[in-house]
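Chemist: Pasting the sequence and the predicted coordinates here, then a few questions.
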Amino acid sequence: MSTVCTLITGASSGIGQQIAIQLSQQHDLILCGRDAVKLQQTAEKCKNSDRHFIWRYDLEQVDEIKESLSKFLAGNELNVDNYIHCAGNMKVMHMKNIDYKSSLQIFNINFFSATEIIALLLKKNNKEHLKNIVFISAILGQYGARGHNLYSATKAALDGLMRSLAVELAPAVRVNSVLPGGVRTPMSEAAYSDPAIMEKALKEYPLGIGETNDVADMVEFLISGKAKWITGQQMTVDGGRTINLSQK
């Protein structure tokens with residue numbers, strides 16, 4: 001008899017790790033990332049750490065995702081009911097410096113890896129189990145920022161995919177996006193340690209800078225029965241950043 005799990009990419013740190021910790025209260029997990037040591041650390045922070053599985057994989061290698069994940073699921077007798085795509089790569093690059101190679105790299109990790117995983121999960125041997133897909137997008141997918149051209153484009157692509165999948169896969173599978181604003185993570189902490197950046201952020205965010213659990217709470221809600229009539233939606237979790245037109 002197979003074990004039904006929630007698959008979380010980008011689970012080794014930050015938002016992905018917090019999602020794993022919170023969902024482990026009620027779900028068996030498949031933790032995906034590039035660093036096996038960090039994934040093991042995530043597993044140890046989760047409830048029932050011995051019930052979770054580690055799929056170490058570099059999602060930039062898009063061509064081999066289906067083969068790798070298929071073997072992993074079959075070898076461990078696993079199926080997936082919830083897929084949370086949190087893996088992401090952000091490169092600050094002005095348009096004049098962008099080339100095809102850099103574009104492909106970030107799209108492979110942020111977008112194409114998700115399409116490959118979803119296509120596999122919809123195959124006959126797992127299709128009956130899949131119930132929820134949640135993309136961790138970003139408010140930058142909806143708004144502009146200097147130097148974030150590629151990152152914004154990948155997140156906008158995820159949101160577009162989400163809307164069409166929500167229609168295509170209903171009523172069996174619900175598909176939604178979570179759009180975080182500025183959140184404290186190991187990656188962002190260096191920036192927020194700069195007093196000037198923090199002062200500016202506190203002016204822009206009516207509710208202050210977010211924590212990883214703010215995003216994880218929304219994910220937990222979206223895959224729960226309490227969200228059974230919600231699909232195709234972009235759930236903005238940004239402390240009021242995108243509605244703040246005040247000049248302070």
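Modeler: Everything's here; your move.

Chemist: can we go C-alpha only for contacts and neighbour counts from here?
Modeler: OK.

Chemist: Nearest the middle, which residue of this protein would you pick?
Modeler: The geometric centre of the chain, computed from its C-alpha atoms, lies nearest to Cys86 (Cα atoms, centre = their mean), at 1.8 Å.

Chemist: just the helices in this protein please.
Modeler: Applying DSSP state H to the chain gives helices spanning 14-23, 36-45, 65-75, 100-107, 113-121, 124-127, 149-169, 189-192, 195-204, 212-222.

Chemist: Could you export the longest one as CSV, CA atoms only?
Modeler: By that I understand helix 149-169. Provided in CSV are the C-alpha atoms of helix 149-169 (Å, rounded to 0.1, in the frame of the first residue of the first chain):
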residue,chain,number,x,y,z
ASN,A,149,12.9,41.4,-15.0
LEU,A,150,13.5,37.7,-15.2
TYR,A,151,12.3,36.9,-11.7
SER,A,152,9.1,38.9,-12.3
ALA,A,153,8.5,37.1,-15.6
THR,A,154,8.9,33.7,-14.1
LYS,A,155,6.4,34.5,-11.3
ALA,A,156,3.9,36.0,-13.8
ALA,A,157,4.2,32.8,-15.9
LEU,A,158,3.4,30.7,-12.8
ASP,A,159,0.3,32.7,-12.1
GLY,A,160,-0.8,32.4,-15.7
LEU,A,161,-0.3,28.6,-15.6
MET,A,162,-2.2,28.5,-12.3
ARG,A,163,-5.3,30.1,-13.7
SER,A,164,-5.5,27.8,-16.7
LEU,A,165,-4.7,24.7,-14.6
ALA,A,166,-7.4,25.6,-12.2
VAL,A,167,-10.0,25.4,-15.0
GLU,A,168,-8.5,22.4,-16.7
LEU,A,169,-8.1,20.2,-13.5
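
Chemist: returning to what we had before: export the helices of the chain to TSV and tack on distance to Asp238 and mean neighbour count?
Modeler: Output for the helices of the chain, formatted as TSV (distance: least, Cα to Cα, whole Å; neighbours: other Cα atoms under 10 Å):
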stretch	distance to Asp238	mean neighbour count
helix 14-23	14	24
helix 36-45	25	18
helix 65-75	32	14
helix 100-107	23	15
helix 113-121	23	19
helix 124-127	33	14
helix 149-169	15	20
helix 189-192	16	13
helix 195-204	10	13
helix 212-222	9	19
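
Chemist: and Thr6, which of those helices is closest to it?
Modeler: Among the helices of the chain, helix 14-23 comes nearest to Thr6, with 8.4 Å by Cα to Cα.

Chemist: Now do that closest one and helix 212-222, the angle between them.
Modeler: 50 degrees (axes from the mean of the first three to the mean of the last three Cα atoms, to 10 degrees).

Chemist: what does helix 14-23 contact?
Modeler: The contact list for helix 14-23 (Cα atoms under 8 Å, 6 or more residues apart in numbering) reads 8-11, 29, 31, 42-43, 45-47, 86-87, 185-187, 212-213, 215-217, 219-220.

Chemist: Same question for stretch 154-174.
Modeler: With Cα under 8 Å, 6+ apart as the criterion, stretch 154-174 contacts 106-107, 110-111, 130-133, 135, 137-138, 140-142, 175-177, 228, 230-234.
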